[in-house]
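Asker: Give the three-dimensional model of this entry:
(2 chains)
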Amino acid sequence: MKYVDEYRDDATAAALTDRIKRTVSRPWTVMEVCGGQTHAIVRFGLDALLPSALTLVHGPGCPVCVTPIGILDQALQLAALPRVIFCSFGDMLRVPGSQGNLFDVKAAGGDVRIIYSPLDALELARANPDREVVCFAVGFETTAPAYAMAAIQARRLGLTNFSLLAAHVLVPPAMEAILSAPGCLVQGFLAAGHVCTVMGYEEYEDMARRYRVPIVVTGFEPIDILEGIAMVVSQLEAGRAGVENQYSRSVRREGNLAAQAAVREVFEPASRAWRGIGDIPLSGLTLTAAYVDMDASVRFRDPLSRFAPAGGEDPDCQSGLVLQGWLKPPDCPAFATRCTPENPLGAPMVSGEGACAAYYRYRRRHDGSGAR
Amino acid sequence: MNTHDEFQLQCPLPVSGDRVLLAHGGGGRLMQDLIRGIFLRSFDNEWLRRLHDGATFPVEGGTLAFTTDSYVVSPLFYPGGDIGSLAVHGTVNDLAMCGAMPLHLSAGFILEEGLALDTLRKVVESMAKAAEGAGVQVITGDTKVVDRGKGDGIYINTAGIGVVPPGVRIGPQELQPGDRILLSGDLGSHGLAVMSVREGLRFTGEIESDSAPLHLVVRDLLECGASVHCLRDLTRGGLASALNELAVSAQVGMTIEERLIPVREPVRGACELLGLDPLYVANEGRFVVFVPDAHVEVALAAMRRHGAAQQAAQIGIVTVEHPSLVVLRTVLGTHRILDLLSGEQLPRIC
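Answerer: Numbering: from 1, shown residues only, chains lettered A, B, ... in the order given. Next up, the predicted model:
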């Protein structure tokens, strides 16, 4: 299949692996930002092909994982309201809030629908004028334009029963938070290719300079990732720290300007708590004043205020350390023991992009422990 | 019933939560917990404990196979099939996986008030045609009607009985280290065909369900001289779940080669788009066969004579190493676990 097979070719992979081995002369630690890249690395066993001096650490790039428990609890409460049709992408449904997940709400009678595009939710709002359709807007810069388009369309169509529960987060502030943390081990980044498809990579140039860290915009197939690693390693060994674009078949320096304009019309940056990590300034998106009437947290302020938050994070869950690259999932004492996809303590064990889920699914040994 | 028999009556697995979730029917780990924690706990007997696709039991003069399955597919009609043909093929295939030639079927219909009679007629005609094609008849049945809103148009249950030829012993307990794993054809078409209609995804047209009766392929396999140790159809949960169930049942390991597993281009494309792994997507006309190394060629030749198994190929081997675990050798030559999923796969965010 075109655009897939050539990026999974074993001869190309072997050539890139050789190039990396020849280049690496001392230990380096490189973080892949996006959970999609983490899954490709674990699924294809790419780390097993790399020299032992090179350490890959997994980044915070799983929007499902970092959605704060407070917003998730709001989602659970909204989904349980009798007049509401609650729409979400599929992999959000298993993520535990402080009391259960969206599947539990569905089993208890809540109208929860899996959608494939925010425009599906718009269609539901048109077809059900007597119901309130709430769309769970989760993701990074990659999916924000689609939600922005849905809001713009809803305005054009005069739909008054459509709203968004805004939970989008932004990648560069999180990368900056990791770089500025005391004792940061990350020496180079594979930046998230699809985020950059929308946003471009100009904003990384200043970051690379200030922190003296090479950043390579990288795709998601095995060959993309190996090539991205080879490019980062070449920069590290040469003492350079610039921004390079491995994923040029999808990413331009300025990004997708039309998509950015749509996002700016509907959303504006706001501070956001990242689950397991904490508050990061201006790292989330909230609705602009012009679209505040479509903000579900405002529209349903009364019913939401009647619920008292119950419980919080499980104290054994170390997802914050995992999401910042401090801990590999198999090194967590709860991994595959107290914490499994059936009974997750944290979101990274259930999300399609979560690092814990990747290790559980592809690396777990039969005795339940993780392979390293 | 598709699951494995790692069951100990003394220590049934707890079923977590206090309600049935959709994932309990997804063919993954949760469903196995439900079967072992609730059904086996109460119904336990030597036949059920094997948890094969059907039960085989001796009667005077021979061995019979008996199986049942319920069909709740939505939508009722999809490219390449419908709930009627599925209800026949699924049960015929469960008998075939016991090594049995199907004899007769029963059919139970649960109809929702308001269903168009024309729809029912179409489904039943399709069922009759599928039964004729499979050489079986529906010889007994039942009908119930439920209030509007309490069903999804039509639910069908079929049960089937068949005769197991003398000397045939098929089941997870017959698996031997060194057995080769043969796959009858390309994966994922049924699941994607149903999903494309159910979710209104407009990428297909080319993807049709693989739904087909398999008993004649199995008959030729059993008559070709190969000693067939085990058969399993790859329905809900796909190839990965079926192999996992067998590996756990038989306490053997399995290693399969990613590059030898055929998946058609449109199915691969759709799976890439949705973030699904075709190895976990449902099929209704595909199965795996376990034979000794020396019998691979004769078995493949027998399978390839049939349209439903023209692409049959060897994809892997049963091992002593890593018991209960299925390992995939990737296209890059690295190895990873092919695990049982918790429930059904969910389309990803980005």
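Asker: what about residue B:75, how many neighbours?
Answerer: Residue B:75 is flanked by 12 other residues according to other C-beta atoms under 10 Å in any protein chain shown. Backbone N, C-alpha and C define where each C-beta goes, glycine included.
Asker: which residues does it contact?
Answerer: B:194, B:197-198 (C-beta atoms under 8 Å, 6 or more residues apart in numbering or on different chains).
Asker: and of those residues, the nearest to chain A?
Answerer: residue B:198 (10.6 Å; C-beta to the nearest C-beta).
Asker: tell me the phi and psi of the residue in chain A that chain B sits nearest to?
Answerer: Proximity of chain A to chain B (C-beta to the nearest C-beta) peaks at residue A:45, 2.8 Å away. Main-chain torsions, residue A:45, degrees, to the nearest 10: phi 60, psi 30.
Asker: Check whether it really touches residue B:337, as I assumed.
Answerer: No: under the criterion of C-beta atoms under 8 Å, residue A:45 makes no contact with residue B:337, lying 10.5 Å away.
Asker: intersection of neighbour lists for the two?
Answerer: residue A:362.
Asker: Count the neighbours of residue B:132 for me.
Answerer: Neighbours of residue B:132 (other C-beta under 10 Å): 11.
Asker: And the pLDDT for it?
Answerer: The per-residue pLDDT reported for residue B:132 equals 96.
Asker: next one: the one 10 residues further on
Answerer: What the model reports for residue B:142 is a pLDDT of 97.
Asker: For it, what is the enclosing helix or strand?
Answerer: strand B:137-146 (DSSP states H and E).
Asker: on that earlier part again, who's in contact with the spatially closest residue to the residue of chain A closest to chain B that is not a sequence neighbour?
Answerer: Nearest non-adjacent residue to residue A:45, counting by C-beta to C-beta, 6 or more residues apart in numbering or on different chains: residue B:334, 2.8 Å away. Going by C-beta under 8 Å, 6+ apart, residue B:334 touches A:44-46, A:48-49.
Asker: PyMOL command for the buried members of those?
Answerer: In PyMOL, this line selects whichever of the contacts of residue B:334 come out buried by 16 or more other C-beta atoms under 10 Å in any protein chain shown:
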select buried, chain A and resi 44+45+46+49
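Asker: Tell me if stretch B:20-32 is near chain A.
Answerer: Yes: Stretch B:20-32 is in contact with chain A by C-beta under 8 Å from any C-beta of the partner chain, via B:20-23, B:29-30.
Asker: who touches the residue lying closest to residue A:111 once chain neighbours are set aside in this structure?
Answerer: The shortest distance from residue A:111 to any non-neighbouring residue, by C-beta to C-beta, 6+ apart, is to residue A:85 (4.9 Å). Listed by C-beta under 8 Å, 6+ apart, the contact partners of residue A:85 are A:111, A:113, A:124, A:128, A:131-134.
Asker: quick one: secondary structure of residue A:85?
Answerer: strand (DSSP: H, G, I helix; E, B strand; the rest coil).
Asker: Residue B:143: how many residues sit nearby?
Answerer: Based on other C-beta under 10 Å, the number of other residues close to residue B:143 is 10.
Asker: where does the stretch 51-200 of chain B dip in pLDDT?
Answerer: The model of the stretch 51-200 of chain B has no residue with pLDDT under 70.
Asker: Around chain A, pick out the residues from it.
Answerer: Residues of the stretch 51-200 of chain B lying near chain A (C-beta under 8 Å from any C-beta): residue B:199.
Asker: From residue B:126, how far off is the residue in the stretch 51-200 of chain B that chain A sits nearest to?
Answerer: Among the residues of the stretch 51-200 of chain B, residue B:199 lies nearest to chain A; the distance is 6.3 Å by C-beta to the nearest C-beta. Plainly put, residue B:199 is 23 Å away from residue B:126 if you go by C-beta to C-beta, to the nearest Å.
Asker: Cool, thanks, talk later.
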